[in-house]
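S.K.: Got a sequence here, can you model it:
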Amino acid sequence: MPTAISHLKEKLIEMVKKMHNNNFSSLRIAAAFMVMGGHMGILTLNAPPVFLGKAVHSLGVYIFFLIGGYLITQSWLSDPHPLRYAVKRFFRIWPPLIVFLLVTTFLVGPFLSRLALPEYFSHPYTWKYLKNGLLNIQYSLPGVFENNPYPYAINGSLWTLPVEGVMYVLVPVLLRIFNIKKGEHKSALWVGVAVITLFVCFTDLVLQAYYPAARWVFYATDWIQALHIVPYYFIGMVYAAPCMKKILNLPFACILLFIFSCFKFSDLHTTFILYLLFPYFVFSVAFAPANVVSKFFDKHEISYGLYLYGFFVQQIVIMLASQFSFNLSPTQYTIVCIIITAIIASGVRRFVEIPFAQLTKTILNRIPTS
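M.R.: Numbers count the residues shown, from 1 in each chain. Predicted structure coming up:
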């Protein structure tokens, strides 16, 4: 009997190790750095760095959405209970977001604004900014960053949150429609998801080719712009199919990406080729054997904090550099801002994300799985 228990314990430990033997945390943090690097070019009125025919911050967003599509699919398949799923998604996204909004609106914003405190707190934009908590994205606080090269914007990164929120709802719906369940190895069941993904990619290509200036703003979000990144979420879903891991090969992915980088393509062809090659590369990296760096970032997963605070910190540093006549290059700005934001993001993880993750577990334990 003790031998059987020991064997079961070893099996469980082995399963847990396999679940964490990936590089998702490292990829997300790298993506956050890429977003900050691209944004720094924009915020200083310089061209953002370009790689593979795309601005690096766009590639960073693609990585976030690829990983999001994969992990949200796995989350639903591992526990397809609507209430439990909603609790996990809510406590992952909203507590750090609400803390960020309170800090920017009531603690830092008043000191950065050129307006006096009574004028600042009576201004309608101050209270309108709190709509971000409802994913109705607002970018400005009154009198803040007015003289920056890229004026008024508090956090240009937040525009992706409503898009991700929609995908949180859409992913379970599609998995239910196609009756895909955990451990399902029948490729035929995943065909529907693949067809939907192809349709979304095709729609984006058509819009870029024939309607490049098209805009459709609803609930403060441009959903045409959103459609340029949504395909990567769907592609992430496709890579959650068990058969997809078998085709991943990191050396081969690197070779393909290197060949692609040696040629110059039109924007439309670049988008099409990236749909094929970039996810293959990202997931080949994701499932390569985890190293020391990956294990470190698993314990210190600060990508969400970097995402929330990066843009805001960059605007503050640019403002202070202007006031004190510091001349920094975009690269120097980026390094300084990454260090500052990483410290803040570590605090967010320690005092916000981890406590609410523990609260989530407590709540989930009280919700029946059936």
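S.K.: which regions of the stretch 151-300 of the chain lie under the pLDDT threshold?
M.R.: 183-187 (pLDDT under 70).
S.K.: can you give me the helices for it?
M.R.: Secondary structure of the stretch 151-300 of the chain (DSSP state H, counting those that start in this stretch): helices at 160-177, 187-210, 223-226, 230-238, 250-261, 267-286, 292-299.
S.K.: Now the ones you listed in JSON lines, please, with extra columns for distance to residue 27 and mean neighbour count.
M.R.: Glycine gets a C-beta too; all of them are placed from N, C-alpha and C. Formatted as JSON lines, the helices of the stretch 151-300 of the chain follow (distance: least, CB to CB, whole Å; neighbours: other CB atoms under 10 Å):
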{"stretch": "helix 160-177", "distance to residue 27": "16", "mean neighbour count": "18"}
{"stretch": "helix 187-210", "distance to residue 27": "20", "mean neighbour count": "15"}
{"stretch": "helix 223-226", "distance to residue 27": "22", "mean neighbour count": "17"}
{"stretch": "helix 230-238", "distance to residue 27": "12", "mean neighbour count": "25"}
{"stretch": "helix 250-261", "distance to residue 27": "13", "mean neighbour count": "14"}
{"stretch": "helix 267-286", "distance to residue 27": "6", "mean neighbour count": "19"}
{"stretch": "helix 292-299", "distance to residue 27": "9", "mean neighbour count": "14"}
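S.K.: so which of those helices gets nearest residue 31?
M.R.: Residue 31 sits nearest to helix 267-286 of all the helices of the stretch 151-300 of the chain, at 9.2 Å, using CB to CB.
S.K.: What are the contacting residues of the closest one?
M.R.: 22-24, 27, 52-54, 59, 62-63, 66-67, 70, 201, 204-205, 208-209, 231-232, 235-236, 239, 244, 247-250, 252-254, 256-257, 260, 265 (CB atoms under 8 Å, 6 or more residues apart in numbering).
S.K.: nearest to residue 307, of the helices of the stretch 151-300 of the chain?
M.R.: The closest of these to residue 307 is helix 160-177. By CB to CB, the value is 8.5 Å.
S.K.: Got phi/psi on residue 265?
M.R.: phi -120, psi 160 (degrees, to the nearest 10).
S.K.: How about the contacts made by it?
M.R.: Counted by CB under 8 Å, 6+ apart, residue 265 has contacts 53, 273.
S.K.: mind redoing it with 10 Å?
M.R.: The neighbours of residue 265, taking CB atoms under 10 Å, 6 or more residues apart in numbering as the test, are 52-53, 271-274.
S.K.: Tabulate those (a markdown table), appending distance to residue 346.
M.R.: Listed next are the contacts of residue 265 as a markdown table, based on distance: CB to CB, whole Å:
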| residue | distance to residue 346 |
| --- | --- |
| 52 | 30 |
| 53 | 34 |
| 271 | 35 |
| 272 | 39 |
| 273 | 37 |
| 274 | 32 |
